[in-house]
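**Q** from the sequence below, what's the structure:
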Amino acid sequence: MADQDPAAVSVGEVRAAHRFDEARLAEWLAANVEGFAGPMTVNQFKGGASNPTFLITTPAKRYVIRKKPPGQLLASAHQVDREYRVMKALGATGFPVPVMRALCQDESIIGTVFYVMDFLEGRIFRNARLPGMTPAERTAIYDELGAVMARLHGVDYEAIGLGDYGRPGNYFARQIDRWTKQYRGAETERIEAMEQLIEYLPKRMPADDTTTIAHGDYRLENVMFHPTEPRIIAVLDWELSTLGHPLADLGYNCILWHSRSESWGTLDGIDLASSGIPTEEEYVAAYCRRTGRDRIEDFSFYLGFSIFRLASIGQGVYKRNLDGIGNSDASPDNSGTRLLAETAWAVLQR
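**A** Numbers count the residues shown, from 1 in each chain. Alright, predicted model coming up:
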């Protein structure tokens, strides 16, 4: 995976907290991945805050390994086996995902469950403002981002064997409960806006109970584009995917127009009219056209819920960093979670 330049792969040495027995891994790969042949080198992808991801390089081929992090984990988090399952099923339909090679549920190999997939050459845009591009190029990138999300929501999940991938219906009630529990499990201080959201969100859930495959973390940084074309060749990071409400994905996409976080992604300071990047309203309208919706009732709920959920995730990241088992440098404080919670509350009041 590359950061805009397809020849440049953003990897480094394996972090001390994530080291494992590489010889044991090589032995397992040789026995379980068709065509695998060493010797191999192991590097860790930079960035990310959830499931550690590694580049495996051999003389003939490169692979990517994604594993659970070490240490005590929150309930229902870091389910890399689910990532493997959904990508394998979607790959059979021609949906853009990497080729899945093997899943290992034997924790004695490298300490946690992990899976192996093909490495792909492409561009990952970590700056949502897309510096250095023409307005037409930016328009094409964002149009493709929305188009592939709409395509995902049109997949017949039962037909590809994912009928039991989640519980259809009642999505937001279950999600609000889940992320409240995740937040409480990682709570380090009282954040008043989070308390308001936890009390208020269940009272504002929509009547619309549509069910599709929901990616859960669908955004620009989690898709890979072709090296030269504005075409997505892989949707990545399926850890939070389930059977859920498609508008949760859309709301999550639209956090970008409200975020101030450079690390997560922001459009702060961009003149949208001249940049080629659509407005939030234009992006939502394009999604509606592609999915046959006339309009979205109470879009502020979907957006506010998504920001609340991201705040809960951010709290978990902060707590793991405090505990020394995170995948990124520890923040000096928890201001990011607080800002997200306050933003979610403001969105719900508009």
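**Q** count the neighbours of the nearest residue to residue 189 once chain neighbours are set aside for me.
**A** In this structure, residue 189 finds its nearest non-sequential neighbour in residue 334, 6.5 Å apart by CB to CB, 6 or more residues apart in numbering. C-beta: built from backbone N, CA, C; applies to glycine. Using other CB atoms under 10 Å, residue 334 is surrounded by 18 other residues.
**Q** local confidence estimate at residue 334?
**A** pLDDT recorded at residue 334 is 84.
**Q** kindly report the same for residue 72.
**A** Reading off the confidence values, residue 72 has pLDDT 52.
**Q** kindly report the same for the one 10 residues further on.
**A** According to the prediction, residue 82 has pLDDT 93.
**Q** any low-confidence regions in the stretch 1-150 of the chain?
**A** Confidence mapping of the stretch 1-150 of the chain against pLDDT under 70 gives the ranges 1-9, 47-50, 70-78.
**Q** how close does the residue nearest the centre of the chain sit to residue 155?
**A** Nearest residue to the geometric centre of the chain (CA atoms, centre = their mean): residue 217, 3.1 Å. Separation of residue 217 from residue 155 (CB to CB, to the nearest Å): 17 Å.
**Q** cool, residue 38 as well?
**A** 37 Å.
**Q** now swap in residue 121 and tell me
**A** Distance from residue 121 to residue 155, by CB to CB: 25 Å.
**Q** what segments of the stretch 1-150 of the chain are helices?
**A** Along the stretch 1-150 of the chain, counting by DSSP state H, counting those that start in this stretch, helices occupy 22-32, 80-91, 135-153.
**Q** what lies in contact with the last one?
**A** In this structure, residues lying in contact with helix 135-153 by CB atoms under 8 Å, 6 or more residues apart in numbering are 90, 95-96, 125, 130, 133, 212-215, 218, 220, 223, 225, 230-232, 235, 246, 249-250, 253, 274-278, 283, 286-287, 290-291.
**Q** just the shortest one next, same as before
**A** Contacts of helix 22-32 with the rest of the structure, by CB under 8 Å, 6+ apart, involve 36-40, 42, 56, 63, 65, 102, 104, 106, 109-110, 116.
**Q** recalculate using a threshold of 6 Å.
**A** If you take CB atoms under 6 Å, 6 or more residues apart in numbering as the criterion, helix 22-32 is touched by 36, 38, 40, 42, 102, 109-110.
**Q** PyMOL command for the buried members of the contacts of helix 135-153?
**A** Applying 16 or more other CB atoms under 10 Å to the contacts of helix 135-153, the buried members can be selected in PyMOL as follows:
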select buried, resi 90+95+96+125+130+133+212+213+214+215+218+220+223+225+230+232+235+246+249+250+253+275+276+277+278+283+286+287+291
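**Q** specify the residue positioned farthest from the middle of this protein.
**A** residue 39 (31.5 Å).
**Q** okay, and which of the contacts of helix 135-153 map to strands?
**A** 212-214, 223, 225, 232, 235 (DSSP state E).
**Q** can I get these in JSON lines including distance to residue 350 and pLDDT?
**A** Listed next are these as JSON lines, based on distance: CB to CB, whole Å; pLDDT from 0 to 100:
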{"residue": "212", "distance to residue 350": "27", "pLDDT": "97"}
{"residue": "213", "distance to residue 350": "29", "pLDDT": "97"}
{"residue": "214", "distance to residue 350": "24", "pLDDT": "97"}
{"residue": "223", "distance to residue 350": "29", "pLDDT": "97"}
{"residue": "225", "distance to residue 350": "33", "pLDDT": "98"}
{"residue": "232", "distance to residue 350": "31", "pLDDT": "98"}
{"residue": "235", "distance to residue 350": "30", "pLDDT": "98"}
